[in-house]
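Enquirer: Sequence plus predicted model, see below.
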Amino acid sequence: QLMDKTSMANFNSPVNLVVAHAVEAKPIIQQLGLKSVNGGAFRRYQAQGVNLVVSGIGRVNAAAATAYLSAVTTDDSMYDPIWINAGIAGHKTFELGVSVIIRKITDPVAKRSYYPLPIASSLPASDLVTVDIPEEEYSQNAAFDMEGSAFWSIATKFSPIEFVQLLKIVSDNPENAINTLSKDKIETLMDELVVGLQLLITELQTLASQYN
């Protein structure tokens, strides 16, 4: 059990998860034992020390849902929350099913790049490009999503940047087109992502306990 109270330090920060789509969220909700919270602008799930919001697809939704989750959970803990944007992403060179932690986010529309601070993670690293329509050309050697830059821009207003991370699992690449993705495939991939997610949460909790 991830949130075993006997293993939790007294200085743990809450964990806020922002996930674009209900299909992506379902395996996380099941494996972390999260329960639905009624009401509000976005679908939200909660368990001891963990909050998850389903944002919807795209940067506007991601930004709004991140700000919303901060607003409705701000009084839950005296410590700054850990923020993780988890979900699927295309990639030019990585194999399907590889979970990656993001080290650089590029927003071609805003012509800006952001640099999440590396933590001592055993997960492989990748750049990420946030696009407004699904990427089918894989124009750069990077992962591609539709929410990451907006999530980062908002979440870093609420917590130190060390506490804001993005975790993606490769769902499509030049050999496996995005139009071959099904709900079942996404759920299977997200089941695998939860393994890396639990590892990342543990690593971030260690960092947060020291910081707090």
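Expert: Alright, I've got the coordinates.
Enquirer: could you say what helices and strands the host helix or strand of residue 29 packs with?
Expert: If you go by DSSP states H and E, residue 29 is part of helix 22-32. Judged by 3 or more CB pairs under 8 Å, 6 or more residues apart in numbering; DSSP states H and E, helix 22-32 is in contact with strand 15-19, strand 43-47, strand 50-54, strand 82-91, helix 183-211. C-betas here are computed from N, CA, C, even on glycine.
Enquirer: what pLDDT, on average, does the first one get?
Expert: Model confidence over strand 15-19, given as mean pLDDT, is 97.
Enquirer: go on, the last one?
Expert: Mean per-residue pLDDT for helix 183-211: 93.
Enquirer: For it, which residues meet the burial criterion?
Expert: 185-186, 189-190, 193-194, 196-197, 199-201, 203-205, 207-208 (16 or more other CB atoms under 10 Å).
Enquirer: Can you name the residues that contact the most centrally placed residue in the chain?
Expert: Geometric centre of the chain, nearest residue: residue 85, 1.6 Å, by CA atoms, centre = their mean. By CB atoms under 8 Å, 6 or more residues apart in numbering, the contact list for residue 85 reads 17-19, 62, 147-148, 151-152, 155, 165-167.
Enquirer: That one bridge partners, please.
Expert: Assessed by DSSP bridges, residue 85 has beta-bridge partners residue 18, residue 166.
Enquirer: Test for you: state the pLDDT assigned to it.
Expert: 98.
Enquirer: Tell me which helix or strand the residue lying closest to residue 142 once chain neighbours are set aside sits in.
Expert: Distance criterion CB to CB, 6 or more residues apart in numbering; nearest residue to residue 142, sequence neighbours excluded, is residue 127 at 4.0 Å. Element membership of residue 127, judged by DSSP H and E, is strand 125-130.
Enquirer: Check which strands are paired with that strand and give the direction for each one.
Expert: strand 99-107 (parallel), strand 143-145 (parallel).
Enquirer: Any idea which of the ones you listed gets closest to residue 172?
Expert: strand 143-145 (8.8 Å; CB to CB).
Enquirer: Dump the C-alpha coordinates for the very next helix or strand once past that closest one into CSV.
Expert: Sequence order places helix 148-155 as the next helix or strand after strand 143-145, per DSSP H and E. C-alpha atoms of helix 148-155 as CSV (Å, rounded to 0.1, in the frame of the first residue of the first chain):
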residue,chain,number,x,y,z
GLY,A,148,2.8,19.8,-19.8
SER,A,149,3.9,23.4,-20.3
ALA,A,150,0.6,24.8,-18.9
PHE,A,151,0.7,22.5,-15.9
TRP,A,152,4.3,23.5,-15.1
SER,A,153,3.5,27.2,-15.5
ILE,A,154,0.7,27.1,-12.9
ALA,A,155,2.0,24.4,-10.5
